[in-house]
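In: Model the following, please.
(2 chains)
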Amino acid sequence: MIKLVDIYKSFGSHDIHKGISCEIKKGGITVLIGPSGTGKSVLLKLMMGLLKPDSGNVFIDGEDITLASYSRLLEIRKKFGFLFQNAALFDSMTVFENVAFPLREHTDYDDTKIAGIVEHKLSVVGLSDVNSKFPSELSGGMRKRVGLARSLTLEPDIMLYDEPTTGLDPIMTDVVDDLIYDTQHQLNITSVVVSHDIKSVFKIADNVIMVYQGKVVFAGSTRDLGSTDNQYVVQFLSGIKDGPIKVY
Amino acid sequence: MNASKEMFIIRFFNSIGATTLSLFEVAGEMSILFVSTVKCVITKKIRYKLTMKQIEFIGIKSVPIVVLTGGFTGMVFGIQTYVGFKDFGAESMSGSLVTLAMVTELGPVLTGLMVAARVGSSIAAELGTMKVTEQIDALDAMGINTLDYLVAPRLVAAAIVFPMLNVICIMFGLMGGYAVNVLFLGVNSVEYIDQSVLYVGFIDLFNSLVKAFVFGLVIVVVACYKGLNTRLGAEGVGKSTTQSVVISCVLILLFDYIITTFLVSI
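Out: Numbering: from 1, shown residues only, chains lettered A, B, ... in the order given. Model (predicted):
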């Protein structure tokens, strides 16, 4: 379980989070929604200790990671898989080397076994014949899928997805949504997804948290999301510019 | 004193104070980076493949520039000292001066400066690009110690190859000085070699190797620090690269003075 308690975070004079508290239940898919620039990606990084809050606590399975040493944090992070917004592939490595990287670092598998796992993970995300290509030779969508394959390689307990479907065509978006859903249900992991894609939210989410102006303005199930009269949610789901969410 | 003059003086001292504080902050952070990396080198398994790759990049690929720098410096210094000593009929003394200068100062300092430009800029640009494209966050997210993976192999490689590059620079400097004096200017070969070894001992060579070793560490620590702290995209990468070379060069000259003072006094 992931629990955030009274999180404050700012970059310079720009306050991102102003007292965020929320709980992400084990074994489900929680989607974080909210307007751009409200710190959803920052929230994901806080969850795995890539950033430290200015104040507040982050609990992972009951352990406060804001108090953990760097070496302990590295251990805790092995529970996580993280799909970055721009995939964050290592540009000096081929696709195969990128996907194989976590296995080479954290397991004693031989080359044959690693090759088998890499092939399987790449086929799961719908990629083939790209092993020897470099990230710069791939399209944005393909890079994202390679990043997804890499983050799933070690079959983590908690998967964090930072806008996994942004930049993908509608069909591939559906494929990735299915992949997130299937992965979560097959491995019974905890998934947290940052998304702006409302269709995806209703398709995959068990729970939804909406963040606006540094605070949680909605937290509930997908069913609650569809029936709520919360004006922030209503405006965000309908995608109209007039409402409590200020665009400018 | 009018108000605007008073404000100017306050701002002036404020900026001095802020610059001094930021200098100490950067020096402190670089020291922490160095100590943490040394701790990684001691406590963790050395990554041989990555270290060998860095030895090739920092060491082997720097040989041509070091050979050219050493060779031409030795030749120019040989001509200059020949002209100076000729007035006293002591042309062969040129050998002493070229050897002493190359071994004690020019070898390590020129090696440091040239390799800082070639290697320091490259390391800062590579790590800076990794930083702004979240590749370093990706390493962190996978539970990989970035100092162990990115900095330690470079530090170990620099510690190994810099003294060797220094020796190569000195050798080619001496050969350049010999070639100019003996082959082109007609100085007696035996006299030139006798003079060359007269004032330089093994302790001077040892001190020279110590300097090169320290300069190598300085270049890698500065470049890695600037790379890992890069911000603001492509412009930030450019800034980090430039700053890395400038800071490394200044620190090489500063450490050269400190080490020389220390070694002379013991």
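In: so which strand or helix has the residue nearest in space to the middle of chain A?
Out: Taking C-alpha atoms, centre = their mean, the centroid of chain A lies closest to residue A:161, which sits 1.8 Å from it. Using DSSP states H and E, residue A:161 sits in strand A:158-162.
In: cool, residue B:65 as well?
Out: Counting by DSSP H and E, residue B:65 is part of helix B:63-86.
In: Tell me how far stretch A:188-206 lies from the chain's centre.
Out: Chain-centre distance of stretch A:188-206: 9 Å, with C-alpha atoms, centre = their mean, to the nearest Å.
In: need the contact list for residue 220.
Out: If you meant another chain, say so; for now it's chain A. A:207-208, A:228 (C-beta atoms under 8 Å, 6 or more residues apart in numbering or on different chains). For the C-beta atoms, the positions are set from N, CA and C on the backbone; glycine is no exception.
In: nope, chain B
Out: Residue B:220 touches B:58, B:119-120, B:123, B:151, B:154-155, B:158, counting by C-beta under 8 Å, 6+ apart.
In: and the residue of the stretch 151-266 of chain B found nearest chain A, helix, strand or coil?
Out: Relative to chain A, the nearest point of the stretch 151-266 of chain B is residue B:231 (10.5 Å; C-beta to the nearest C-beta). Three-state call for residue B:231 (DSSP: H, G, I helix; E, B strand; the rest coil): coil.
In: my guess is it contacts residue B:237, does it?
Out: No - Residue B:231 is not in contact with residue B:237 according to C-beta atoms under 8 Å; the separation is 9.5 Å.
In: residues shared between the contacts of those two?
Out: residue B:132.
In: higher neighbour count, the two?
Out: residue B:237 (24 against 12; other C-beta atoms under 10 Å in any protein chain shown).
In: Pretty sure the more buried one sits against residue B:127.
Out: No - judged on C-beta under 8 Å, residue B:237 makes no contact with residue B:127 at a distance of 9.3 Å.
In: got any residues that touch both of these two?
Out: residue B:230.
In: what's near enough to touch residue 104?
Out: Reading this off chain A. For residue A:104, counting by C-beta under 8 Å, 6+ apart, the contacting residues are residue A:114.
In: Chain B was what I was after
Out: Residue B:104 touches B:200, B:204, B:207-208, B:260, counting by C-beta under 8 Å, 6+ apart.
In: just so I have it, where are all the strands in chain A?
Out: Taking DSSP state E, the strands of chain A run over residues A:2-11, A:14-24, A:29-33, A:55-60, A:63-64, A:80-83, A:158-162, A:190-194, A:207-212, A:215-221.
In: what's the third one in contact with?
Out: In other words, strand A:29-33. Under C-beta under 8 Å, 6+ apart, the answer for strand A:29-33 is A:24, A:40, A:43-44, A:180-181, A:184, A:190-196, A:200-201, A:204-211, A:236.
In: Buried ones from these, can you make that a PyMOL selection?
Out: Here is the PyMOL command that picks out the buried ones among those, judged by 16 or more other C-beta atoms under 10 Å in any protein chain shown:
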select buried, chain A and resi 24+40+43+44+180+181+184+190+191+192+193+194+195+196+200+201+204+205+207+208+209+210+211+236
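In: Surely residue B:102 forms part of a helix?
Out: Yes - counting by three-state DSSP, residue B:102 is located in a helix.
In: so what's it closest to, chain neighbours aside?
Out: Leaving aside its chain neighbours, residue B:102 sits nearest to residue B:173 (3.9 Å; criterion: C-beta to C-beta, 6 or more residues apart in numbering or on different chains).
In: and that neighbour, how many residues sit next to it?
Out: When neighbours are defined as other C-beta under 10 Å, residue B:173 has 30 of them.
In: Could you pull up the residues touching it?
Out: B:70-71, B:73-74, B:77, B:98, B:102, B:106-107.
In: likewise residue B:147?
Out: B:33, B:36-37, B:40 are the contacts of residue B:147 under C-beta under 8 Å, 6+ apart.
In: and these as JSON lines, adding neighbour count?
Out: Formatted as JSON lines, these follow (neighbours: other C-beta atoms under 10 Å in any protein chain shown):
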{"residue": "B:33", "neighbour count": "20"}
{"residue": "B:36", "neighbour count": "16"}
{"residue": "B:37", "neighbour count": "24"}
{"residue": "B:40", "neighbour count": "22"}
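In: Out of those residues, the closest to chain A would be?
Out: Nearest member of the contacts of residue B:147 to chain A, counting by C-beta to the nearest C-beta, is residue B:36, at 8.9 Å.
In: Any figure for the gap between that closest one and residue B:44?
Out: Computed with C-beta to C-beta, to the nearest Å, the distance linking residue B:36 and residue B:44 is 11 Å.
In: Over to residue B:79?
Out: 50 Å.
In: And the pLDDT for residue A:124?
Out: Confidence at residue A:124, expressed as pLDDT, is 80.
In: pretty sure it is touching residue A:176, no?
Out: No - counting by C-beta under 8 Å, residue A:176 is not a contact partner of residue A:124; they are 10.8 Å apart.
In: With respect to pLDDT, which of the contacts of residue A:220 ranks lowest?
Out: residue A:228 (79).
In: Which phi and psi values does that one adopt?
Out: Main-chain torsions, residue A:228, degrees, to the nearest 10: phi -70, psi 150.
In: What number of neighbouring residues does it come out with?
Out: Neighbour number of residue A:228 under other C-beta under 10 Å is 16.
In: Same question for residue A:68.
Out: Residue A:68 has 16 nearby residues by other C-beta under 10 Å.
In: residue contacts, the closest residue to it other than its chain neighbours?
Out: Distances taken as C-beta to C-beta, 6+ apart put residue A:76 closest to residue A:68, at 6.4 Å, once the chain neighbours are dropped. Residue A:76 makes contacts with A:48-49, A:60, A:63, A:65, A:68, B:143, as judged by C-beta under 8 Å, 6+ apart.
In: on that earlier part again, the strands of chain A: which one's closest to residue B:19?
Out: strand A:2-11 (23.2 Å; C-beta to C-beta).
In: Pairing partners for that closest one, with directions?
Out: strand A:14-24 (antiparallel), strand A:55-60 (antiparallel) (DSSP bridges).
In: okay, the angle between that strand and strand A:207-212?
Out: Following axes from the mean of the first three to the mean of the last three C-alpha atoms, to 10 degrees, one obtains 20 degrees for the angle between strand A:2-11 and strand A:207-212.
In: Only C-alpha atoms, please: export strand A:2-11 in CSV.
Out: In CSV, the C-alpha atoms belonging to strand A:2-11 read as follows (Å, rounded to 0.1, in the frame of the first residue of the first chain):
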residue,chain,number,x,y,z
ILE,A,2,1.1,3.5,-0.8
LYS,A,3,0.2,6.3,1.6
LEU,A,4,1.0,10.0,1.2
VAL,A,5,0.5,12.2,4.3
ASP,A,6,0.3,16.0,4.1
ILE,A,7,2.8,16.4,1.3
TYR,A,8,4.3,19.8,0.5
LYS,A,9,6.6,20.2,-2.4
SER,A,10,7.8,23.3,-4.2
PHE,A,11,10.4,24.1,-6.9
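In: after the helix or strand harbouring residue B:37, next one along is what?
Out: Assigning secondary structure by DSSP H and E places residue B:37 in helix B:3-43. Heading C-terminal from helix B:3-43, the first helix or strand you meet, by DSSP H and E, is helix B:48-54.
In: Where does the prediction get shaky in chain A?
Out: A:247-248 (pLDDT under 70).
In: Report all helices and strands that the longest helix seen in chain A contacts.
Out: If you go by DSSP state H, chain A has its longest helix at helix A:170-187. When contacts are defined as 3 or more C-beta pairs under 8 Å, 6 or more residues apart in numbering or on different chains; DSSP states H and E, helix A:170-187 packs onto strand A:29-33, helix A:140-152, strand A:158-162, strand A:190-194, helix A:198-204.
In: re the thing from before, dump the contacts of residue A:220 into JSON lines; add distance to residue A:101 as well.
Out: JSON lines is the format used below for the contacts of residue A:220 (distance: C-beta to C-beta, whole Å):
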{"residue": "A:207", "distance to residue A:101": "32"}
{"residue": "A:208", "distance to residue A:101": "33"}
{"residue": "A:228", "distance to residue A:101": "42"}
